[in-house]
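> A predicted structure for the sequence below; I have some questions about it.
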Amino acid sequence: MNLPLRRSSGVEQTLTMAIEQQPAPAAASFEALYRASAEAVFAYVASLLRDRSAAEEVTAAAFERAFRKRRSFDPRRGTQRAWLFGIARNAALDELRRRKRAAALGEEPPADEPAAESEAEAAERRATVRAALAGLDARDRELIALKFHAGLGNAEIGAVLGISANNAGTRVHRALTRLREACHAPS
Amino acid sequence: MRRRETPLDPAVAAELDALEAALAGDPSAETELAMLVRDVRLEAPAMTPAFQAQLDERVATGFAGASKPRDRGGRFAALRGRPLIPALGIAGCLLAALVAVLVATGGGKDGAASRGGAGGGSVAATQAAPAQRESSGSAGSGAAPNADSAAPSASKSVSPAPPPASGGRHVERSTQLQLTTTDVQKTADGVVRATQAAGGYVQLSQVRTGDGNGSATFVLRVPTAKLDEAIASLSKLGHVSSMQQSANDITGQYDSAQSRLADARAERRGLLRALARATTAQEIASLKARIADNRAQLNRLQSEFNAVRRRATYATIEADIVGKPHKQQPAPANSWDPGDAAHDALRVLEVGAGVALVGLSVLVPLALIGGAAAFAAGAWRRRRREAALDAAAEPI
């Protein structure tokens, strides 16, 4: 079918964009996932490893691995965040396996000096929580990190750990109970 | 298969709901829990600005400068979960293709060579005389074309073939047939068999087989009533290059011979009666001499009558068989025609199916073992990871 050639009319301006400038849907989706999860992934990995430097390496490796495997993500098997934390968990456990030990968390940024009496009370409470967290075992720390830092639901935690949602909820409840007990325990 | 979920304890569920409310910043959340959430979140390890900037850059560039990770992603990522299936498929295809190529390259030459040798042999010239002796023994068989007592001597009429004798007429029928064939010996054997099947006999035969250009000559006698059937059978033995049929009415000869024989018999009976009435020795001697002459005459007339009768009841077929060389010369060893191609294709399919069967018998157990090993390796890896977590679970 031969259509007659026609000149465009009424066009005042043209919007152009180089093809390579257009973000690919998968890449854009991954970048959004990274923006939303980077801090939480680092906090989770650091809670597991208790080593800031190793946590940085593992976090970077986890995101790189997720980037490489982003096409294998299957929405039917869970949320994208659960998938990402699963990758981070495997990377962190591999790191733990290599080290065969749990290193002490590196130098934490020193807590700000309390400027006022009320803030001193808050700082004391935070120190108590920090000590309680340090006293938890790794599995409880992991659950606290997934729940408090990453904000995952029970079903997502179950997907990360390979257990059911109810089982994940039960474990989270136990970890929370231990954390509260540790916070109230006399130092 | 989905595992059966055990329901949460109501108290646990209530506390979890309270936790969710605190995590969500709900003002109605439990105060102590809300403070705990806030304090724990404040204790969350944070990325340093330098590391965050570095990671941002790497993500922005798609980890371009990074070394290849241990897990190769990309287009084969989806296949890694089922590594054995594509591996088995590729291996099977490669194996089948290899065998097919080997068979195709070797099979064509073999096929052509085998067919080329089939027609190259020479047959030594032999003389055969597949003759059947006439029941009376009068006709001989031999290599030399001797005199033919039953050869058609009367005037011959060219085809169309005359109708068979009917209404008391006696017809002598004869046919001259020339067959062209590539296998003289085989055709000659067929001529003998066809003649015997028609109830006839071979009166004369001469067969000469040679290297593609033999010949044979037969004089056959078949019952006149079976002549058409015999000709039909003979025509199937080769290409009929010429055929002549003739019919000669010998009713007069037949009747004449029969009449003379009857006369001689009547004379004999009269002589015998006269002999019975003779009284003198001279008369008896004279009659005996005449009876002796009559006996000789009777024998001769009987033979003549038999000959005429045989000419009417047995038709003569003169069959000439001419050998011709094979039109299809032996194929050169390197020729490859569509027949060879079809043969090779069939052979390739046969071998391919066999190889696939053998390959499957090997690959399927390997796949099962590999699958079990992969499953065990995955379970072992998970256990090692969990063990690493357990080792790190000691509180410090």
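Happy to help now that I have it.
> Let me know whether B:Val59 touches A:Ala62 as I believe.
No. Taking CB atoms under 8 Å as the definition, B:Val59 is not a contact partner of A:Ala62, at 11.7 Å. Quick note: C-beta positions are derived from backbone N, CA and C, even for glycine.
> Which of the two has more residues huddled nearby?
A:Ala62 (25 against 20; other CB atoms under 10 Å in any protein chain shown).
> Name all residues that make contact with that one.
A:Val41, A:Val45, A:Leu84, A:Ile87, A:Ala88, A:Ala91, A:Ala92 (CB atoms under 8 Å, 6 or more residues apart in numbering or on different chains).
> Report the separation between the last one and A:Arg98.
Right, the one you point to is A:Ala92. A:Ala92 sits 11 Å away from A:Arg98, taking CB to CB, to the nearest Å as the criterion.
> For the longest helix seen in chain A, buried residues please.
Longest helix of chain A, by residue count under DSSP state H: helix A:25-49. By 16 or more other CB atoms under 10 Å in any protein chain shown, the buried positions in helix A:25-49 come out as A:30-31, A:33-34, A:37-49.
> how many other residues sit next to the residue of the stretch 151-300 of chain B found nearest chain A?
Per CB to the nearest CB, B:His239 is where the stretch 151-300 of chain B lies closest to chain A, at 62.5 Å. B:His239 has 12 neighbouring residues, counting by other CB under 10 Å.
> Where does pLDDT dip in the stretch 1-150 of chain B?
B:1-5, B:65-89, B:92-93, B:96-97, B:99-150 (pLDDT under 70).
> can you do 50?
Low-confidence segments of the stretch 1-150 of chain B, defined by pLDDT under 50: B:1, B:67-81, B:107-150.
> Next, work out how far apart whichever residue of chain A sits closest to chain B and A:Ala61 are.
Nearest residue of chain A to chain B: A:Arg68, at 3.0 Å (CB to the nearest CB). From A:Arg68 across to A:Ala61, the span is 10 Å (CB to CB).
> So which of the buried residues of helix A:25-49 reach chain B?
A:Phe30, A:Glu31, A:Tyr34, A:Ala38, A:Glu39, A:Phe42, A:Ala43, A:Ala46, A:Ser47, A:Leu48 (CB under 8 Å from any CB of the partner chain).
> is it true that the fifth one touches B:Pro45?
No. Because the distance of 9.3 Å does not satisfy CB under 8 Å, A:Glu39 is recorded as not touching B:Pro45.
> so what's the nearest residue to A:Phe30 once chain neighbours are set aside scoring on pLDDT?
Take A:Phe30 and drop its neighbours on the chain: the residue closest to it by CB to CB, 6 or more residues apart in numbering or on different chains is A:Arg70, 5.2 Å away. Turning to A:Arg70, the model gives it a pLDDT of 86.
> just the one 4 residues further on next, same as before
According to the per-residue confidence, A:Asp74 scores 85 in pLDDT.
> For B:Val12, give me its contacts.
By CB under 8 Å, 6+ apart, the neighbours of B:Val12 are A:Gly169, A:Thr170, A:His173.
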